[in-house]
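S.K.: Could you look at this predicted model? Sequence included:
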Amino acid sequence: MSKNEKLILARKSKKLTQEQLANRLECKKTTISNWENGYSTPKLSVAFRIANILEKDVNSLFLNKGPNNSC
């Protein structure tokens, strides 16, 4: 599963719209859409904020690594 798909699933599992996530991150809805469509990726500091909001591990959400994977 791609990081884009993981982001979409994580957002939807928290029952957040793109607009609601954008508001919490203080960014535009189009920014969320661009991340979810693979046109861009969030900065590292923003990735940590997203992971915190969505209650996911940043590695598994954005780097295709599990929380206990040291590679």
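M.R.: Nice, thanks for sending it over.

S.K.: buried stuff in the helix or strand of the chain with the lowest mean pLDDT?
M.R.: Taking mean pLDDT, DSSP states H and E as the measure, the chain has helix 58-62 as its least confident helix or strand, at a mean of 90. Within helix 58-62, the residues that qualify as buried by neighbour count (16 or more other C-beta atoms under 10 Å) are Val58, Ser60, Leu61, Phe62. Placement of C-beta: from N, CA and C, glycine included.

S.K.: now swap in stretch 33-45 and tell me
M.R.: Along stretch 33-45, the positions that meet the burial threshold by neighbour count (16+ other C-beta under 10 Å) are Trp35, Glu36, Pro42.

S.K.: Likewise for stretch 50-59?
M.R.: Burial within stretch 50-59, assessed by neighbour count using 16+ other C-beta under 10 Å, is assigned to Ile50, Ala51, Ile53, Leu54, Lys56, Val58.

S.K.: shaky segments in the chain?
M.R.: 64-71 (pLDDT under 70).

S.K.: Just the C-alpha atoms of whichever strand or helix holds Ile32, please, in PDB.
M.R.: Ile32 is located in helix 29-36, with elements delineated by DSSP states H and E. Output in PDB follows, covering the C-alpha atoms of helix 29-36 (Å, rounded to 0.1, in the frame of the first residue of the first chain):
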ATOM      1  CA  LYS A  29      -7.600  21.600   1.600                       C
ATOM      2  CA  THR A  30      -5.800  21.400  -1.700                       C
ATOM      3  CA  THR A  31      -2.500  20.700   0.100                       C
ATOM      4  CA  ILE A  32      -4.200  17.600   1.700                       C
ATOM      5  CA  SER A  33      -5.500  16.600  -1.700                       C
ATOM      6  CA  ASN A  34      -2.000  16.900  -3.300                       C
ATOM      7  CA  TRP A  35      -0.500  14.700  -0.600                       C
ATOM      8  CA  GLU A  36      -3.300  12.100  -1.000                       C
END
